[in-house]
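S.K.: Give me a 3D structure for the following:
(one chain, ligands or ions: 1)
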Amino acid sequence: MASAEPTPTIQYVSQQYGDNVLQQVGIWEMPQQRGGYWIVYIHGGAWRDPKITHLTFLPTVDQLLSAGRLPPNSIAGFASIDYRLSPHPDHPQDPAATPTSELRQARHPDHIRDVQAALRFLSREHGVKEDKYILVGHSAGATLAMQLLMDPSSRAPERAEEHVPLPAAIVGVSGIYDLVGLDERHDGNYTGFITSAFGSDRKIWDVASPVNFTGNFQTNWPNAKLAVLAWSREDTLIDEPEIDKMAAKLIKDRLNVSVTKSLTGEHDDVWGSGQQLARLIVLTLAQIRE
Ligand SMILES: N[C@@H](CC(=O)c1ccccc1NC=O)C(=O)O
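M.R.: Have a look, this model is predicted:
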């Protein structure tokens, strides 16, 4: 039956979930395929790079739709979250001449609050429900994915308006999980962007770092199916101890963890063409649909 299935049509919209221009989500919805998982992406860019936006997920969406590798009805849609960014010295803004809604002056916990607000919006407006999506984060986006599980306000079932749906699986790609350790191993070269995002108090960096989470990830994420951690040995920005320490913490907390170091290329190559993220998503889907 070569000609049976028409190619699924997919509509792209971007929608605001807040007043800042960066408080928006890109959504690719497959209306005729309700019932499958949503794939929700959080981009990286060190919490500050305005050139890395939700649209960096587009090559992955294209790959997944064109490759014909997705089982029928396995995907309900794709969403990619923008969130308010911190200041970047290479992209200065004049506060006197810039509308507040365009200022990039976020400071932790603004980034994670925006991710939570975006997930609530996606749940309300698009049916992205608890356990019915895979959360994929790259670099600082992987930090945010883990921070979602660390934050008690993510889990407020008694207060419906605050409740944030948690994913069935998380895929952390080239993630930052230990802010102090990462900066130390890079001779303080990351102090600038970490300070821009978290302030100068390293005690706050430690509390915000997923590897130092004093709670238990499994307790906070009781319906977890799978945590995937992926990294490329050719990544010159994020080194191996990041994925190793994160894996150790998740395993200690008794989550089902899959670690792969078989990505290739530089830090941003793992999402650049979309091929590697698409492959990770296909594998993750296969594992959680078993
Ligand atoms: N392009 C970023 C740098 C960046 O994204 C980055 C640098 C080192 C380690 C991790 C990084 N990104 C994580 O989200 C910047 O302009 O600050």
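S.K.: Give me every residue in the chain lying close to the ligand.
M.R.: For the chain, the residues found near the ligand under the criterion CB under 6 Å from any ligand atom are 44-46, 48-49, 139-140, 176, 193, 237-238. Where C-beta positions appear, they are placed from N, C-alpha and C, glycine not excepted.
S.K.: what's the nearest residue to the residue of the stretch 151-290 of the chain at minimum distance from the ligand if we skip its chain neighbours?
M.R.: Here the stretch 151-290 of the chain gets closest to the ligand at one residue, L237, 3.9 Å apart by CB to the nearest ligand atom. Nearest non-adjacent residue to L237, counting by CB to CB, 6 or more residues apart in numbering: H267, 4.2 Å away.
S.K.: phi, psi of the one you found?
M.R.: Phi and psi for H267, reported as degrees, to the nearest 10, are phi -50, psi -50.
S.K.: how about the strand or helix carrying I134: buried residues?
M.R.: I134 belongs to strand 133-138 when assigned by DSSP states H and E. Judged by neighbour count using 16 or more other CB atoms under 10 Å, the buried positions of strand 133-138 are 133-138.
S.K.: With pLDDT added, can I get those residues in JSON lines?
M.R.: Listed next are those as JSON lines, based on pLDDT from 0 to 100:
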{"residue": "Y133", "pLDDT": "98"}
{"residue": "I134", "pLDDT": "98"}
{"residue": "L135", "pLDDT": "98"}
{"residue": "V136", "pLDDT": "98"}
{"residue": "G137", "pLDDT": "98"}
{"residue": "H138", "pLDDT": "98"}
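S.K.: Quick check: of these, which lies closest to A145?
M.R.: Of all the buried residues of strand 133-138, A145 sits closest to G137, with 3.6 Å by CB to CB.
S.K.: Give me the three-state assignment for the closest residue to that closest one other than its chain neighbours.
M.R.: Once flanking residues are discounted, G137 sits nearest to A145: 3.6 Å by CB to CB, 6+ apart. In three-state terms, and counting by DSSP: H, G, I helix; E, B strand; the rest coil, A145 is helix.
S.K.: now A145: how far from L166?
M.R.: Look at A145 and L166: by CB to CB, to the nearest Å, they are 11 Å apart.
S.K.: Which one of the two is surrounded by more residues?
M.R.: A145 (26 against 21; other CB atoms under 10 Å).
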